[in-house]
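**Q** Sharing a model prediction with you, sequence too.
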Amino acid sequence: MRSKFDQQLTLLNNSLVEMGALVERAIANAVKALIERDTNLARLIIAADDEIDSKDREIESLCIKLLLHQQPVASDLRLITAAMKMITDLERIGDHASDISELTLLLADMPYHKNLEHISQMAEATAKMIRDSINAFVKKDLKLAEAVIAYDDEVDDLFVTVKNDMLTLIGEDPKNGDQAIDLIMVAKYFERIGDHATNIAEWTIFSIAGTHKIWET
């Protein structure tokens, strides 16, 4: 019985890695479509969100089966509970990649008035956070999970930089306002993606150590 349970836990880990790869690719493509004003790629990202949603449902179903049929012990319960929380955050990250692509469609008709270097850096940073948080869960690496949480400060700082850049752009010419506001929204979505990656890391810590900040006094 335990052997079958361990096999299903391995399947759960592999499925989480696959879902993480899907959302990481969505982020990379979203920023690529934005920078290159590639509307075809933006539409593909929006359509591909269905695949992320499907993976979410698949993992949720597996977790429920594990809970109902395998009688997991306390440590296994923490792992399964954490996985169910994590896929919610991964699904939301996929939604944000789609949201960014919707904005790309709005922005594609005009050249950018500001270099998007810092937004690109936000995309790279959040993708790293997602990859590391999933790896921390699979490898039960507490230090890596804690490093992901600390790294969120980098994303927050980049968001402030982008916001200030866009406010400067508006100050230079109010006609730049619409584009600047849309790009602030793009940066805000990446900032939220960083928050979701932090959530994943926090649930990883829960799965390993049994502690989570929501229960701290």
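**A** Received the coordinates, thanks.

**Q** Who are the packing partners of the helix or strand L158 falls within?
**A** Using DSSP states H and E, L158 falls within helix 142-172. Helix 142-172 is packed against helix 117-139, helix 177-209, with contacts defined by 3 or more Cβ pairs under 8 Å, 6 or more residues apart in numbering; DSSP states H and E. The way it works is simple: take the backbone N, C-alpha and C, and place the C-beta from them, glycine included.

**Q** Tell me who's in contact with the most centrally placed residue in the chain.
**A** Closest residue to the average C-alpha location of the chain: I93 at 3.9 Å, with Cα atoms, centre = their mean. Contact analysis of I93 by Cβ atoms under 8 Å, 6 or more residues apart in numbering lists V23, A26, I27, I130, I193, H196, A197.

**Q** Closest to K85 out of these?
**A** Relative to K85, the closest of the contacts of I93 is H196; by Cβ to Cβ it sits at 10.8 Å.

**Q** excluding its backbone neighbours, what's nearest the closest one?
**A** D89 (4.1 Å; Cβ to Cβ, 6 or more residues apart in numbering).

**Q** Using just helix, strand and coil, how would you label the one you found?
**A** Classification of D89 by DSSP: H, G, I helix; E, B strand; the rest coil places it in helix.

**Q** would you list the helices and strands packed on helix 142-172 in a markdown table and tack on mean pLDDT and mean neighbour count?
**A** Shown next, in a markdown table, are those (pLDDT from 0 to 100; neighbours: other Cβ atoms under 10 Å):
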| stretch | mean pLDDT | mean neighbour count |
| --- | --- | --- |
| helix 117-139 | 96 | 21 |
| helix 177-209 | 96 | 21 |
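
**Q** Could you export these to TSV, including columns for distance to A82?
**A** Shown next, in TSV, are those (distance: least, Cβ to Cβ, whole Å):
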stretch	distance to A82
helix 117-139	7
helix 177-209	4
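
**Q** F137 reaches I200, doesn't it?
**A** Yes: contact status for F137 versus I200: in contact at 7.3 Å, counting by Cβ atoms under 8 Å.

**Q** so what sits against both of those two?
**A** Contacts common to F137 and I200, judged by Cβ under 8 Å, 6+ apart, are M86.

**Q** low-scoring pLDDT stretches of this structure, where are they?
**A** Within the chain, the ranges that satisfy pLDDT under 70 run 1-2, 70, 213-217.

**Q** run the last query once more with 90
**A** Residue ranges of the chain with pLDDT under 90: 1-9, 65-77, 110, 114, 210-217.

**Q** before we move on, back to that, how much space between the residue nearest to H196 and V160?
**A** According to Cβ to Cβ, to the nearest Å, D89 and V160 sit 23 Å apart.
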